[in-house]
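Asks: Return atomic coordinates for the entry below.
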Amino acid sequence: MGELISVIVPVYNTPEQYLNECIKSVLKSSYSNIEVLIVDDGSNSEVARQCDGFQESDSRVQVIHQKNAGVSVARNNGIRSAAGKYITFVDADDTIEYDMLQTLYDLCNQNEADFVVCKFNEVHENSITQKQYTNETKVIVGNNIVSSFYLKLDIGWISCAKLIKTSLAKKASFPEGKRTAEDMYFVWQLCKMASKIVVIDKPYYNYRKNETSAMADKDLSKFFDTAELIELVWKGEEDSSNQIKANAFFVNNEIWFIRFMIARGANWKCNERLQEIRNKVFMQTNRMVFRYLSNGRRLEFLLLKYFPSLFYLLAKMQTGRMSE
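Replies: Modelled structure (predicted):
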């Protein structure tokens, strides 16, 4: 039997079927030495009872009830309570493959890695988005870890689909009071501290896409937390060898953010804030970052700077997906 893995599941009024599927997938994992920390973030009494039911039926489940304070607080409380050598996060409406924990645990131990990253499937109401994967593993070490975070999509922004050494996770935290991109900020902290990580290009996590999720919310004001955290990441980079790459991360993602908000129908109040972000991009961009931007993003930069009306029209024609 391997070392204990703490599986942290934040719950807030999750539909009964989804929560059942989630916890069932974790408890039926081929890797059985786990503790499942269900953090109930002030759910209604029915969901709270459902959580308690899992604890009553399986000794590996522990329920932590807290007043509603948001997913970041719930995850941070889970981290503080974790007794395992490793931590993984599973959102309450998602599921994991039966061999995810075993596979990630083996990769972590074999490579003496600080954390392991796998890919995920996008599960829609009636379908699963099919993507091409190589099933290859890649080891990233030292300064290349945070560079990869800034410039590539290998590591990703989500805290799920990762197995993390608890000793590392306890040195980081999710930013409380933020409603979007809190995962990204947490992952960035991990990358800054890690010495070695492993990325496997195979999906073991099933991410449910639904219209009630945070990223599908119609309240656009919350998404400005994303823009603020992108800027905090850039300004938080103190290593001179990474500052240009961090600046490229800022430029790349703030332009994407402006486009995303316009595509989602940002109103005039939002547009004023988007204009402020646009001005920051142009005032605080080192010319050397262009080597790290795709041709498409360079074109968007120029359109946003010299032909903002055209940028706006093109953005309105897009779907507003958060995936790029």
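Asks: Only C-alpha atoms from now on, for both contacts and neighbour counts.
Replies: Noted.
Asks: Any stretches of the protein with poor pLDDT?
Replies: 211-218, 319-324 (pLDDT under 70).
Asks: and the residue with the shortest distance to the centre of it, helix, strand or coil?
Replies: With distances taken as CA atoms, centre = their mean, the residue of the chain nearest its centroid is residue 158 (1.5 Å). Following DSSP: H, G, I helix; E, B strand; the rest coil, the label given to residue 158 is coil.
Asks: what number of residues lie near the closest residue to it other than its chain neighbours?
Replies: Leaving aside its chain neighbours, residue 158 sits nearest to residue 183 (5.1 Å; criterion: CA to CA, 6 or more residues apart in numbering). Number of residues near residue 183 (other CA atoms under 10 Å) recorded here: 19.
Asks: Kindly report the same for residue 119.
Replies: When neighbours are counted by other CA under 10 Å, residue 119 registers 22.
Asks: can I assume it sits in a helix?
Replies: No: judged by three-state DSSP, residue 119 forms no part of a helix; its state is strand.
Asks: Kindly state the beta-bridge partners for it.
Replies: For residue 119, the beta-bridge partners under DSSP bridges are residue 203.
Asks: if I pick it, what's in contact with it?
Replies: By CA atoms under 8 Å, 6 or more residues apart in numbering, the residues touching residue 119 are 161, 200, 201, 202, 203, 204, 205.
Asks: repeat for residue 235
Replies: By CA under 8 Å, 6+ apart, the contact set of residue 235 is empty.
Asks: For residue 269, grab the count of nearby residues.
Replies: 9.
Asks: Provide the contact partners of the helix or strand containing it at residue level.
Replies: Using DSSP states H and E, residue 269 maps to helix 268-283. Contacting residues not belonging to helix 268-283 are listed as 220, 221, 250, 251, 254, 255, 258, 304, 305 [CA under 8 Å, 6+ apart].
Asks: Now the buried members of those residues.
Replies: The neighbour count (16 or more other CA atoms under 10 Å) marks 250, 251, 254, 255, 258, 304 as buried among the contacts of helix 268-283.
Asks: Farthest pair within these?
Replies: Farthest pair in these (CA to CA) is 250 and 304. Separation: 15.1 Å.
Asks: how about the strands of the protein, start to end?
Replies: Using DSSP state E, the strands of the chain run over residues 5-11, 34-41, 61-66, 86-89, 95-96, 115-123, 128-129, 137-141, 162-165, 196-208.
Asks: which one of the contacts of helix 268-283 sits closest to residue 193?
Replies: Using CA to CA, the contacts of helix 268-283 come closest to residue 193 at residue 250, 20.0 Å.
Asks: I'd guessed that closest one sits against residue 234; true?
Replies: Yes: counting by CA atoms under 8 Å, residue 234 is a contact partner of residue 250 at 5.9 Å.
Asks: According to the record, where do the domains of the protein fall?
Replies: Domain segmentation of the chain under automatic domain parsing yields 5-214, 218-316.
Asks: right, so these: which one is the most enclosed?
Replies: Most buried of those, by mean neighbour count (mean count of other CA atoms under 10 Å): domain 5-214, with a mean of 19.
Asks: Arrange the contacts of residue 119 in CSV, one row each, with distance to residue 123 as further columns.
Replies: Putting those into CSV (distance: CA to CA, whole Å) gives the following:
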residue, distance to residue 123
161, 14
200, 20
201, 18
202, 15
203, 12
204, 12
205, 10
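Asks: Kindly indicate which of these lies nearest residue 70.
Replies: Within these, proximity to residue 70 (CA to CA) peaks at residue 161, which comes in at 20.4 Å.
Asks: doesn't residue 91 make contact with the closest one?
Replies: No: Residue 161 is beyond contact range of residue 91, at 10.1 Å (criterion: CA under 8 Å).
Asks: Not including adjacent chain positions, what is the nearest residue to residue 98?
Replies: residue 29 (4.3 Å).
Asks: Report the contact partners of that neighbour.
Replies: When contacts are counted by CA under 8 Å, 6+ apart, residue 29 is found next to 97, 98, 99, 100, 101.
Asks: ok, 10 Å please
Replies: By CA atoms under 10 Å, 6 or more residues apart in numbering, the residues touching residue 29 are 23, 96, 97, 98, 99, 100, 101, 102.
Asks: do the same with residue 200
Replies: Listed by CA under 10 Å, 6+ apart, the contact partners of residue 200 are 103-104, 107, 116-119, 133-139, 154-155.
Asks: switch the cut-off to 6 Å
Replies: 118, 136, 137 (CA atoms under 6 Å, 6 or more residues apart in numbering).
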